[in-house]
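> A structural model of the following input is requested.
(2 chains)
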2 protein chains.
Amino acid sequence: MFGFSSLLSRHSNRPSQRHFVHKLFSSTPQPLELPLSYPTYLIWGSNTAVGKTLVSAGLAASFLLSSPTKFLYLKPIQTGFPSDSDSRFVFSKLSALFRRRNPSITLHASNHVLNASGSAVNDVFKSKENGKCEMGMYDLGWFEEQTQVGEGTTVNSELICKTMYAWREAVSPHLAAESESGVLEDSAVLSLLQSCLRSVLDGDMRKERSEVLCVIETAGGVASPGPSGSLQCDLYRPFRIPAILVGDGQLGGISGTISAYESLKLRGYDVVAVVFEDHGLVNEVPIMSYMRNKVPVLVLPSVPKDLSNDLMEWFDDSHDLFNTLKELLLSAHLERLNRLHDMPKNAGDIFWWPFTQHKLVPEGSITVIDSRCGENFAVFKNNEVIAPLFDACASWWTQGPDATLQTELARDMGYAAARFGHVMFPENVYEPALECAELLLEGVGKGWASRTYFSDNGSTAIEIALKMAFRKYCFDHGLLKDSTTKTSPQLMVLALKGSYHGDTLGAMEAQAPSSYTGFLQQPWYTGRGLFLDPPTVFMCNGVWSLSFPQGLHKLKKITFASRNEIFSKSRDKSEVAMMYSSYISEQLSASRGFGHIGALIMEPVIQAAGGMHMADPLFQNILVKECQSRKIPVIFDEVFTGFWRLGTETAVELIHSVPDIACYGKLMTGGIIPLAATLATNSVFDSFIGDSKLKALLHGHSYSAHAMGCTAAAKSIKWFKDPSTNPNITSEGRLLRELWDEKLVHQISSHPAVQRVVTLGTLCALELRADGCNAGYGSLYARSLLQNLREDGIYMRPLGNVIYLMCGPCTSPDTCRQLLTKLYLRLEEFNEERN
Amino acid sequence: MFGFSSLLSRHSNRPSQRHFVHKLFSSTPQPLELPLSYPTYLIWGSNTAVGKTLVSAGLAASFLLSSPTKFLYLKPIQTGFPSDSDSRFVFSKLSALFRRRNPSITLHASNHVLNASGSAVNDVFKSKENGKCEMGMYDLGWFEEQTQVGEGTTVNSELICKTMYAWREAVSPHLAAESESGVLEDSAVLSLLQSCLRSVLDGDMRKERSEVLCVIETAGGVASPGPSGSLQCDLYRPFRIPAILVGDGQLGGISGTISAYESLKLRGYDVVAVVFEDHGLVNEVPIMSYMRNKVPVLVLPSVPKDLSNDLMEWFDDSHDLFNTLKELLLSAHLERLNRLHDMPKNAGDIFWWPFTQHKLVPEGSITVIDSRCGENFAVFKNNEVIAPLFDACASWWTQGPDATLQTELARDMGYAAARFGHVMFPENVYEPALECAELLLEGVGKGWASRTYFSDNGSTAIEIALKMAFRKYCFDHGLLKDSTTKTSPQLMVLALKGSYHGDTLGAMEAQAPSSYTGFLQQPWYTGRGLFLDPPTVFMCNGVWSLSFPQGLHKLKKITFASRNEIFSKSRDKSEVAMMYSSYISEQLSASRGFGHIGALIMEPVIQAAGGMHMADPLFQNILVKECQSRKIPVIFDEVFTGFWRLGTETAVELIHSVPDIACYGKLMTGGIIPLAATLATNSVFDSFIGDSKLKALLHGHSYSAHAMGCTAAAKSIKWFKDPSTNPNITSEGRLLRELWDEKLVHQISSHPAVQRVVTLGTLCALELRADGCNAGYGSLYARSLLQNLREDGIYMRPLGNVIYLMCGPCTSPDTCRQLLTKLYLRLEEFNEERN
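Numbering: from 1, shown residues only, chains lettered A, B, ... in the order given. Reported below is the predicted structural model:
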């Protein structure tokens, strides 16, 4: 009824060594795609020796021996090799089960061991002294296979077992690697894992996709270190493969199983089933109760303790259970696929996206984001793969975390929610709010700010700032005493054209008329300000130049030898400075009679939403001086510019002058959760002190200073500025190193398709040469360019014909260089299409 | 040099049985105070049998044998008794170590076993058939003590060991309890634990507080079930005692230790040190790396495997390490105390609280919130205790979670942050945003809403709603075509006096002038609306009555037989209904000429910030009808009223009419994180569809639809309405059961100090009789009353002379009854003081 083919065992003559370099900081993972065309599961253990391999083998048997299918078993990390080999165990148990169950199909089974450490290789080949491999990792290429013919005559089921990396010592992989091979980079493991997963569809015996199943067995427990020292739950995270947790049925096993489950959830894994061996303690009852029946819990029969037992009877007894598990895995995969497939339609039907003309978003262009890992989205692509996409818009400029910080923040978010949830702020104090306020005042507010006012987003922070500034102005100018007179004084702001301070009405009133403020958008907008056109700076053809607006045309063209020169304090005494000063004075004088200018508000250095324009910092510096000399309170809108966005913790350092009030948001929490803060001097604060509550600042939002936001902010503020966690911090600790390759930036600024470039800190912006309806916020000019960049794994969002790359404060210059290179190549293409 | 006192062993003649009732839902924990006057630590194990008791004994030795001190060792849960007894182990090891080390002090040591199951009692007394205890928990009162005299002559160190509850079988406590005693409630364990902790300071040998140390040893692993089935990490959570984690030095122990640590963090515990036995695997290296050196990791010498070893040498070898650990514990406690002590001053120095006149907040009145557990804050009180305080202001009306939901949300927050962090929303879709939008449309938006627009808080949700409504109005009334004319149409809202829709300018413009809107607060406020005074309903002397504003005086006094009658549909045809209708028509006609009424905006049923007034729902129903018949879009501001606040999932059900747009926030996320949503009909959405992006709704905040917020909302929306998680849901699933005791509410409404009462859903509000400057928002009239209630464990915040109790949708009526009773008693006192 069935027969054996010959058992092959082959290997290369001499394994080739690879060298691995110890990494100081986790490098950006290379684009890693996970095929979803067949189900893949990661098998985790709540501890070592809880039976992960038995579960793998049982699943393989249930899958392979009932119908023609293909099963891929991967063991990325094996220690104790060659005496221990889980892939060999699965290979041999399946062969034995085939013989025992005698199915009506034919099985081709193979077992590969791809790479092994020197010691392991020596053990395999029983190498003598002079033929011994040294420390390192070698291409072992061990291979064995057999075909067992069932009733059918053709080979129609296939088992592929692969060990990716093996070490000799039966210890934790990080110790084995340290002593036998040197560190093995996480990216190497992931990249080999990816090729193994891809190759399954390439074989001769290509199966219908519904007939392939893959399990990847981890080593030890969920948080056991991998060969680089990274915990395995972190190592595999970029793929976020759904998990099967093999729990523990012994005394203490309830706790171990639940904790392991929680560690997986804290990395964003979905656990599809929990399975464990019965030890007669009914551990499933409390575990199921903990799971609230949301995750199936399956109990395997007790495994015979006798080591000589071949387990055939045990596999028979477990047959139904593994069938159930297999069905669970198949249906969970199908459900996931269906949901992913339906999401764009559902989204288009019920979402109302901000800043989006729904008519211009066809279903096919909707991006399905399955997860994020550090700077990368993981998106569902072409209906069959999960692929990374670099978030180059930093998700509306909020993002900062690398993958490590994201995991740390996730744990901290769980902690803060568990410890505090949200608690009432006024008249109360709790640790995260206090620590966050302290860090803000020692950091971005250093040298001027004394008080922290919390709110939810940049726009609310601005409204609060305006209320503060106006009160202070009225206080200083004796306008509060006049409150008995019938007509209140008219207050307005001094602001810059092209600035954007938020979407709520109060914030909008403080900005010049624009696409955002018309009657169609905001019927109540009037624009209560004196709005000046600022001189701007940008790079063109490799040279930084200054461009003057109308009314400031008196000087010849000014260029700078370097970007540093733009920010140099020596410009304070220049002719331009004097011109700025008298221009501003004139404008302020001319505005008298229209009302009181009660506040200066501006985005320091970069006007972001207005099109990533760099205002001349000298002009802004002089504006501040002119206003402060007139006792007009100064507000810096640092919602975009704060927390290293521009290469310094605060743009205050770039402007060389301090505000009275400043607003923070976006990156403040590392980009994980909304929170905003308005900082102010004590003298602003004092103008609200009095005997009546009605004199207090009566503005606050439900979640003021919520514990999770403050916890995230405290963590991120410290993380970004600490050279031990942020490799980009220069030794002086005040500056990010240059992230954008100078040469490439020059090249791009000289490109014919490019009008101007601005790079500073984490920002690299460029305006595409365009005119007519191709220019401006409503333009769709950049669409095809950005579509192509998406194919390259870069997600950008345009501001009309202005596009930009934005990274986090910890992103490596290497990654930035790759982004620039891809952008340059696509610009070439874009230009050709247009000529 | 030293001698023994006689060893005592005493017990009551017959242990007394207690009965325990199985609980269906976790009841509100009784007020439980944790003394902070001496350090107390919980000792957790990453698994069972990792050496928690050895660590306890080692610490006791290090603490007791060097100077005159008092050490309290508590073992709340002991199984396997009497053959296993950890308290006896500590007691006997300390006695042996005393003899060995021969210190210059005298030690009095005792070991108590307070309660034991019937089987354990039988085993202790070797009871025969007819004298046997039955199933149940008995007061065992086992006691042994000895005094060992050192060089000194007086007793000057004391070891108190106590086992609180013991069971016979050596299995998980929940199994032992099930078979031997019946379930033991968590509250019973906590309450006994509290008395044990308190009693340590009451003894004859009272020590200076700096000389007392207490450790509480848990049973099994961190997530092992306690006797009720609750996981121990959940069971002990209300005290949030700092933790020592005994990790695992074996193979697989890195993973187990890290996962156990994460489970503790996910419950809000602070882990002060990790300590484990050396097994030669250098597990401390990866564990320290994981901890980023923030938590000390200590390694104990290997424990002899020979069971007959008395461990004396091991204790000698561990001496230094335990000294280090002891110092860590003492200094961590001191640091915590100092920080808690300094927090009020620091807060007063750097916070700027919203809605707070800082001059009226002396340092002594600042509340230090150490954590929250379900509905209770845990506050630092009198500089020496952590005590619960019921959050009866629901932290600005946001709160909903009980302790179980809080833990679930914490895990979900960790998961969402790990899986998504925050990702860009427009043109994208990801699971939490989609699920949340689906649940909103199926829930609060059911029957009318088709689109979900996300933002950050109620105020932004309102500004978005106004933009939607105005566009829709202009679209329907042909005003968009006129955009070429120079003057834009003047748009205003129809709104109710006393309403409050948020603090940003746009939201403020839609509300009538009030304390919040004056020039002092918001110089840009003009009040763009027609503001009507609504008729209101309230209870006085046990009777619900309707009160008409000026202009609606035509009818005699109307009362209702019950609250249900107020909401009855039959009122639609009443005389009052007709009067309302014509009044509204008149007002709308009279407003012509001032501009277009482009939206109706109102808080359905309860006007919250305005003073917890209940508007007559019939009046609001007719307002909606009148507006919709004139094609004026209707906005419901459900930020306060949504999600069961008023006893139904949405107040739409109470008003019997649907809006075109509605705003949600606060309780939407269960009260854990800021998120808001504006729902709208498809017909509103369609008025933004066009060929240009400039026609789209250009309003959005950085964290639009952030994953954590949407995850929390999805979880909470489901949790609140599911009878299996919310015991207050009535069988029909549409209503909360009555939470406020009817008799008590009647009594309060008849109290001479009380003007009116409004109870509905989770709200019980009352206005104190007051006049002159004692009435109104700025009033401090209620201050002393609320101060006294704080002594009773209730945290309330006044709205001037209006005070209220607010619970969550899952709070038990029992808890509410306790709150009402305390309030009533304090009202009596308040009234007496005033007469």
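> domain assignment for chain A?
Structural domains assigned to chain A are A:39-337, A:423-480+A:489-707, A:742-834, following automatic domain parsing.
> Mean confidence (pLDDT) on the last one, please.
In this model, domain A:742-834 carries a mean pLDDT of 94.
> and the residue in the stretch 301-450 of chain A positioned nearest to chain B, how many neighbours?
When you check the stretch 301-450 of chain A against chain B by C-beta to the nearest C-beta, the closest residue turns out to be A:Pro354, at 2.5 Å. Backbone N, C-alpha and C define where each C-beta goes, glycine included. As a burial measure, the neighbour count of A:Pro354 was computed by other C-beta atoms under 10 Å in any protein chain shown and equals 21.
> pLDDT wise, what is A:Leu32 at?
Per-residue confidence at A:Leu32 stands at 85 (pLDDT).
> re the thing from before, might one say that the residue of the stretch 301-450 of chain A closest to chain B is in contact with B:Gly700?
Yes - at 2.5 Å, A:Pro354 and B:Gly700 qualify as touching, with contact defined as C-beta atoms under 8 Å.
> what residues are shared contacts of these two?
Between them, A:Pro354 and B:Gly700 have B:425-426, B:455 as joint contacts when contacts are counted by C-beta atoms under 8 Å, 6 or more residues apart in numbering or on different chains.
> In contact with A:Met579, which residues?
Under the criterion of C-beta under 8 Å, 6+ apart, the neighbours of A:Met579 are A:552, A:554-555.
> Please identify the helix or strand for it.
Assessed by DSSP states H and E, A:Met579 sits inside helix A:575-591.
> quick one: secondary structure of A:Gln146?
Reduced to three states with DSSP: H, G, I helix; E, B strand; the rest coil, the structure at A:Gln146 is strand.
> Any idea what it is bridged to?
A:Ala109 (DSSP bridges).
> ok, it - how many residues close by?
A:Gln146 has 20 nearby residues by other C-beta under 10 Å.
> A:Val189 too?
With other C-beta under 10 Å as criterion, A:Val189 counts 22.
> Give me the three-state assignment for it.
Assigned by three-state DSSP, the conformation of A:Val189 is helix.
> Return the set of buried residues in the helix holding A:Met579.
By neighbour count, and taking 16 or more other C-beta atoms under 10 Å in any protein chain shown as the criterion, the buried residues in helix A:575-591 are A:576-577, A:579-580, A:583-584, A:587-588.
> again, but for stretch A:740-759
Using 16+ other C-beta under 10 Å as the test for burial, stretch A:740-759 gives A:740-741, A:744-745, A:747-749, A:751, A:753-759.
> can you list contacts of that stretch?
In this structure, residues lying in contact with stretch A:740-759 by C-beta under 8 Å, 6+ apart are A:537-542, A:563, A:606, A:612-614, A:764-770, A:813, A:816-817, A:820-821, A:823-824, A:827-828, A:830-831, A:834.
> And that stretch, end to end?
7 Å (C-alpha to C-alpha, to the nearest Å).
> Then stretch A:232-240?
Distance between the boundary residues of stretch A:232-240 (C-alpha to C-alpha) amounts to 12 Å.
> Mind listing residues that contact it?
Stretch A:232-240 has contacts (C-beta under 8 Å, 6+ apart) with A:29, A:32, A:34, A:42, A:44, A:77, A:186, A:189-190, A:193, A:216, A:218-220, A:222-226, A:228, A:263-264, A:267-270, A:370-371, A:373, A:376, A:378, A:386, A:388, A:403-404, A:407, B:419.
> quick one: which of the buried residues of helix A:575-591 is nearest A:Val361?
Closest approach to A:Val361 among these (C-beta to C-beta): A:Gln587, at 42.2 Å.
> The closest one and chain B: what is the separation?
Using C-beta to the nearest C-beta, to the nearest Å, one gets 22 Å for the distance from A:Gln587 to chain B.
> Would you agree A:Phe377 is in contact with A:Leu389?
Yes - contact criterion C-beta under 8 Å: A:Phe377 and A:Leu389 qualify, at 4.5 Å.
> What are the contacting residues of the helix or strand in which A:Val285 is found?
Element membership for A:Val285, per DSSP H and E: helix A:284-291. Residues outside helix A:284-291 that contact it (C-beta under 8 Å, 6+ apart): A:247, A:254, A:257-258, A:274, A:276, A:297, A:299, B:172, B:174, B:223, B:225, B:229, B:231.
> Mind checking which of those land in helices?
The members of the contacts of helix A:284-291 that map onto helices under DSSP state H are A:254, A:257-258, B:174.
> Just the ones of the contacts of stretch A:740-759 in strands?
Filtering those for membership in strands, criterion DSSP state E, returns A:537-540, A:606, A:613-614, A:764-768.
> closest to chain B among those residues?
Using C-beta to the nearest C-beta, the shortest approach to chain B within those belongs to A:Ile606, at 15.7 Å.
> Can you show me the strands along the stretch 401-550 of chain A?
Secondary structure of the stretch 401-550 of chain A (DSSP state E, counting those that start in this stretch): strands located at A:428-429, A:451-455, A:491-496, A:529-532, A:536-540, A:543-547.
> Tell me which of those strands sits most buried.
The highest average neighbour count among these, using mean count of other C-beta atoms under 10 Å in any protein chain shown, belongs to strand A:451-455 at a mean of 28.
> How about the residue in the stretch 651-800 of chain A that chain B sits nearest to: what's its closest non-neighbour residue?
Of all residues in the stretch 651-800 of chain A, A:Gly700 sits closest to chain B, at 2.6 Å by C-beta to the nearest C-beta. In space, and not counting its chain neighbours, A:Gly700 is closest to B:Pro354: 2.6 Å by C-beta to C-beta, 6 or more residues apart in numbering or on different chains.
> what's the one you found sitting at in phi/psi?
For B:Pro354, the backbone dihedrals (degrees, to the nearest 10) come out as phi -70, psi 150.
> wait, what's in contact with it?
If a contact means C-beta under 8 Å, 6+ apart, then B:Pro354 has A:425-426, A:453-455, A:697-701, A:704 as its contacts.
> again, only using 6 Å
Neighbouring residues of B:Pro354 by C-beta atoms under 6 Å, 6 or more residues apart in numbering or on different chains: A:426, A:699-700, A:704.
> what's the weakest-modelled helix or strand in chain A?
strand A:8-10 (a mean of 37; mean pLDDT, DSSP states H and E).
> shaky segments in the stretch 1-150 of chain A?
A:1-31 (pLDDT under 70).
> For it, which residues are neighbours of chain B?
Counting by C-beta under 6 Å from any C-beta of the partner chain, the positions of the stretch 1-150 of chain A adjacent to chain B are A:47-48.
> Give me the contact list for stretch A:450-469.
By C-beta under 6 Å, 6+ apart, the surrounding residues in contact with stretch A:450-469 are A:437, A:440, A:501-504, A:506-507, A:599, A:633, A:635, A:639, A:661, A:663, A:665, A:674, A:676-682, A:684-685, A:699, A:701, A:704-705, B:352, B:456-457, B:504, B:674, B:701.
> Show me the residues you listed that map onto helices.
Of the contacts of stretch A:450-469, the ones assigned to helices by DSSP H are A:437, A:440, A:506-507, A:682, A:684-685.
> want to throw these into JSON lines with distance to A:Ala394, pLDDT and neighbour count?
Below are these laid out as JSON lines (distance: C-beta to C-beta, whole Å; pLDDT from 0 to 100; neighbours: other C-beta atoms under 10 Å in any protein chain shown):
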{"residue": "A:Ala437", "distance to A:Ala394": "25", "pLDDT": "98", "neighbour count": "28"}
{"residue": "A:Leu440", "distance to A:Ala394": "21", "pLDDT": "98", "neighbour count": "26"}
{"residue": "A:Gly506", "distance to A:Ala394": "26", "pLDDT": "96", "neighbour count": "29"}
{"residue": "A:Ala507", "distance to A:Ala394": "21", "pLDDT": "97", "neighbour count": "28"}
{"residue": "A:Asn682", "distance to A:Ala394": "34", "pLDDT": "97", "neighbour count": "13"}
{"residue": "A:Val684", "distance to A:Ala394": "31", "pLDDT": "98", "neighbour count": "25"}
{"residue": "A:Phe685", "distance to A:Ala394": "33", "pLDDT": "98", "neighbour count": "19"}
